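>>> fold the stuff below for me.
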Amino acid sequence: MIALTLTLTLTLTLTLAMSLGAPISQAADAVQQQDYGKHIYDSKCAACHGVDGKGNGPFATNLVKKPSDLTMIAKNNKGVVPVMALEALIDGREEAFFHGTREMPVWGQELRAEAGSNWPAYMGVPFNPEVFVRGRIMALIDYIGRIQEK
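This is a model prediction of the structure:
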């Protein structure tokens, strides 16, 4: 009787553990499949730069200067994506010398406004919006780096 109880207990425990393991691993896979940089690009950049980053977005024809082909950044910079220059350009607090006149929105201001209004504190701890803004800009730059022409 004790052997039967032990066998049933082990069987139920293993079955329960295996059934709980599947949703947990599926949730982890779903998180890994999310591309935060692409999400930011699609919501903030694709209207002008195009879904493919080539400067052919639906709003591009309304601009005085054609949006940059973001897929050529590395090719135009000796194979390197200039992360700090892109950060300055996207953030907008410093004018990027290579950009010319600024038709591109100053995304840093918008991201700061979003961070300040949505996350004044996280779990009761004051939150520095600059950390949030920089993380979003870096995720966007990471995505831009991954769409470069070889």
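
>>> go through stretch 135-148 and flag the buried ones.
By neighbour count with 16 or more other Cβ atoms under 10 Å, stretch 135-148 contains the buried residues 136-145, 147-148. Using the backbone N, CA and C atoms, a C-beta is placed for each residue, glycine as well.

>>> can you check stretch 51-70 too?
So for stretch 51-70, counting by 16+ other Cβ under 10 Å, buried means 53-55, 57, 60, 67-70.

>>> next, R93: secondary structure please.
Using DSSP: H, G, I helix; E, B strand; the rest coil, the structure places R93 in coil.

>>> excluding its backbone neighbours, what's nearest K38?
Y143 (5.1 Å; Cβ to Cβ, 6 or more residues apart in numbering).

>>> pretty sure the one you found is in a strand, no?
No. According to three-state DSSP, Y143 belongs to no strand; its state is helix.

>>> against K44, how distant is it?
11 Å (Cβ to Cβ, to the nearest Å).

>>> from N62, how far off is I73?
23 Å.

>>> same thing with Y36?
Y36 is 28 Å from N62, by Cβ to Cβ.

>>> do a quick rundown of the strands in the chain.
In the chain, the strands defined using DSSP state E lie at 121-122, 125-126.

>>> hey, least reliable of those by pLDDT?
With a mean of 58, strand 121-122 has the lowest mean pLDDT of those.

>>> domains in the chain, by residue range?
1-33, 35-146 (automatic domain parsing).

>>> next up, the contacts around F59.
Each residue near F59 by Cβ atoms under 8 Å, 6 or more residues apart in numbering is listed here: 47-48.

>>> residue contacts, the residue lying closest to M72 once chain neighbours are set aside?
Leaving out its chain neighbours, the residue that sits closest to M72 by Cβ to Cβ, 6+ apart is E149, at 5.9 Å. When contacts are counted by Cβ under 8 Å, 6+ apart, E149 touches 71-72, 74-75.
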